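okay, here's the prediction I keep looking at, along with the sequence it came from:
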Amino acid sequence: MSRLGLAALCFLLVLRIAPALGQCESSPWVGGWPSAKTETIQPRQTLLIDAGFSPLALEIQKIGHATEVSLWSAHDSVLLVVKDRIVHPNNTIMLLLQPSRSLLLDSVYELRARNDDENLYWIFQNGKMPKAPKTTNYRWRVAAVPDTQAPIWHTTPAVVKKVFSDNSEGTENYVLFSCPLSDTSPYFIKATVHHLRSGLKSTTYMSPWEGQLALGWFTCSGDFRFSYQEDCTVLFEAIDAAGNRSTASGQPIPFQAPVIGPTPWH
């Protein structure tokens, strides 16, 4: 995989860091889905917040406790409720959020965070540093017509490719699955991997990359560590912008981790 392709993969999968010149760079802000470039959202929009390796990760741990996150407009303010909280083995955190009630149709909302009386605008990207206004770039208009249909899996995801590579920039150890999925609104995937030998289960949220789902480690980042050719299963669940859900298969999908071969770096 080219360096450009790998950088895009890392960004889309974990919203966190990408390899550059043999090093890993972390964003100073907390990542979010949908992105700031998205124009419209759903009345019951699902949101992901991912601190990754940002120095602001501690603030994300407070969301749902001391820190409140909301969607604010000139005429309305709706609290975002934590629906899922994932702490990965490397202590990075992902939060799944949803409004406590429906947003007003065709209204523009801005993502805001507060801790007591402090406006935590600097958590999310504002794009105008160092003289930034106390707002964020995460601002969307609510769609006039809600999405009520769940994502459709056309077939069961299957292994497309397995990769193990070790070089001066780091280690790649991942499995690519097909993603035969369609929906009328944007979606992301919840993946739960069961390591059969150890019994360990790990879960993460990801976005498809070039029509595929990637599990493993990608030079700088990743949410799953695979041992040599270990037996695993994975369960994929699609969640669209409106919170509609659909599981890819009735049973977890079995697969084997990549073969770890000799490298010039060991």
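Noted; the coordinates are in hand.

from now on I want contacts and neighbour counts done on CA atoms only, so please keep to that.
Will do.

could you report the neighbour count for the residue nearest to residue 240 when sequence neighbours are not counted?
Spatial nearest neighbour of residue 240, excluding adjacent residues (C-alpha to C-alpha, 6 or more residues apart in numbering): residue 187 at 3.9 Å. Counted with other C-alpha atoms under 10 Å, the neighbours of residue 187 add up to 24.

ok, now residue 84?
Counted with other C-alpha under 10 Å, residue 84 comes out at 11.

apart from its chain neighbours, what residue comes closest to it?
Here the residue nearest residue 84, using C-alpha to C-alpha, 6+ apart, is residue 96, at 4.9 Å.

about what we covered before: the residue nearest to residue 240 reaches residue 241, doesn't it?
Yes. Contact status for residue 187 versus residue 241: in contact at 5.7 Å, counting by C-alpha atoms under 8 Å.

from residue 146, how far out is the nearest residue to residue 153 once chain neighbours are set aside?
Once flanking residues are discounted, residue 153 sits nearest to residue 181: 4.6 Å by C-alpha to C-alpha, 6+ apart. As judged by C-alpha to C-alpha, to the nearest Å, residue 181 and residue 146 stand 20 Å apart.

just residue 203 next, same as before
Following C-alpha to C-alpha, the distance that separates residue 203 from residue 146 is 28 Å.

one more: residue 137?
23 Å.

just residue 242 next, same as before
Counting by C-alpha to C-alpha - residue 242 and residue 146 are separated by 7 Å.

who has more neighbours, those two?
Neighbour count, other C-alpha under 10 Å: between residue 242 and residue 146, residue 242 has more, with 22 against 16.

would the more buried one count as being in a strand?
No. Residue 242 sits outside any strand when classified using DSSP: H, G, I helix; E, B strand; the rest coil, being coil.

what's the neighbour count on residue 58?
Count around residue 58 with other C-alpha under 10 Å applied: 12.

now it: which helix or strand?
Assessed by DSSP states H and E, residue 58 sits inside helix 57-61.

return the list of helices and strands in contact with that helix.
Judged by 3 or more C-alpha pairs under 8 Å, 6 or more residues apart in numbering; DSSP states H and E, helix 57-61 is in contact with strand 93-99.
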